[in-house]
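In: Dropping a prediction and its sequence here:
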Amino acid sequence: MSATCPQCAAPDQSVAVSQALADTTQPLSEPMRALLSPPPEPRPAEEGGLSGAAISLSALAAILGVLGVLSLVRDREDLAGYDPAYRVGYLAGPFLLPLILLAIATIVEVVKRGRRQAAPAPSSPEETTRRQLHARVWQAGWLCRRCQVAFFPEASIRPGFPASPAIPVEQFPLWVMTAAERAFGADARAVAD
Ligand SMILES: [Zn+2]
């Protein structure tokens, strides 16, 4: 399949955007590649809960804590003759490692949650539909290597949808979004309702 570039009116340098990105014989420049890249995939909803590392560390802390209690119960009577500082150290000693492990588990969990919040929020159904429509429009995009412009041939986005003008590559991502809204806006809203 080929498509006629609206700027130079020739089809010989036209290539589907997806093919242009995959073509290793004529690689695109990095900025161009970034502008023409497909819209991001919808992120599946992520389950919450503690991370595996935090659970393991907490479990280990709990076991050591129990062992600490047991050792204190066993050795209690030996402490009578010692000074208070030693006694405090002796009593607290078995719980020091469990406390450190719990602190590490907390840090691991806080760091993980921070990362999760930094990432985009899990997609709502409307957001997923919107992104799928963006992907559908993106799939219909063409690039003229001669003119370095993107375009959408007539009816490529959906039957009856008019051909686009030549689109400067910098405007391609925005064009994908607006064309999705124009071509499928009613569909997307129907799904959302
Ligand atoms: Zn052209």
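Out: Thanks, I have the structure now.

In: any idea how far Ala179 lies from Gln148?
Out: Distance, Ala179 to Gln148, using C-beta to C-beta, to the nearest Å: 19 Å. In this view, the C-beta of every residue, glycine as well, is placed from N, C-alpha and C.

In: which bits of this structure sit near the ion?
Out: Remark: the part of the chain in contact with the ion comprises Cys5, Gln7, Cys8, Cys144, Arg146, Cys147, using C-beta under 5 Å from the ion.

In: Once you drop chain neighbours, what's closest to the fifth one?
Out: It stands for Arg146. Spatially, and ignoring its direct neighbours in sequence, Arg146 is nearest to Gln13 (4.0 Å; C-beta to C-beta, 6 or more residues apart in numbering).

In: residue contacts, the one you found?
Out: By C-beta atoms under 8 Å, 6 or more residues apart in numbering, the contact set of Gln13 is Cys5, Cys144, Arg145, Arg146, Cys147.

In: In strands, which of the residues you listed fall?
Out: In strands, defined here by DSSP state E, the members of those are Cys144.

In: Distance to Ser29 and neighbour count added to the contacts of Gln13, as TSV?
Out: Output for the contacts of Gln13, formatted as TSV (distance: C-beta to C-beta, whole Å; neighbours: other C-beta atoms under 10 Å):
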residue	distance to Ser29	neighbour count
Cys5	19	23
Cys144	15	23
Arg145	12	15
Arg146	15	13
Cys147	15	18
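
In: right, and the pair among the contacts of Gln13 with maximum separation?
Out: Maximum pairwise distance in these, criterion C-beta to C-beta, is 9.1 Å, between Cys5 and Arg145.

In: Which neighbours do the two have in common?
Out: Counting by C-beta under 8 Å, 6+ apart, the residues touching both Cys5 and Arg145 are Gln13, Ser14.

In: May I see the domains of the chain written out as residue ranges?
Out: Annotated domains of the chain cover 14-42+123-192, 52-118 [automatic domain parsing].

In: For the longest helix seen in the chain, name the packing helices and strands.
Out: When the chain is parsed with DSSP state H, its longest helix is helix 84-118. The contact analysis (3 or more C-beta pairs under 8 Å, 6 or more residues apart in numbering; DSSP states H and E) places helix 84-118 against helix 52-75.

In: Run through the neighbouring helices and strands of the helix it packs on.
Out: Using 3+ C-beta pairs under 8 Å, 6+ apart as the contact test, the elements touching helix 52-75 are helix 84-118.

In: Report the mean per-residue pLDDT for the helix it packs on.
Out: Here helix 84-118 scores 80 as its mean pLDDT.

In: Give me the pLDDT for the residue of the chain positioned farthest from its centre.
Out: Going by C-alpha atoms, centre = their mean, the residue of the chain most distant from its centre is Gly81, 61.2 Å out. Gly81 carries a pLDDT value of 75.

In: Show me the two of the residues of the chain next to the ion that sit farthest apart.
Out: Going by C-beta to C-beta, the pair spanning those furthest: Gln7 and Arg146, at 8.2 Å.
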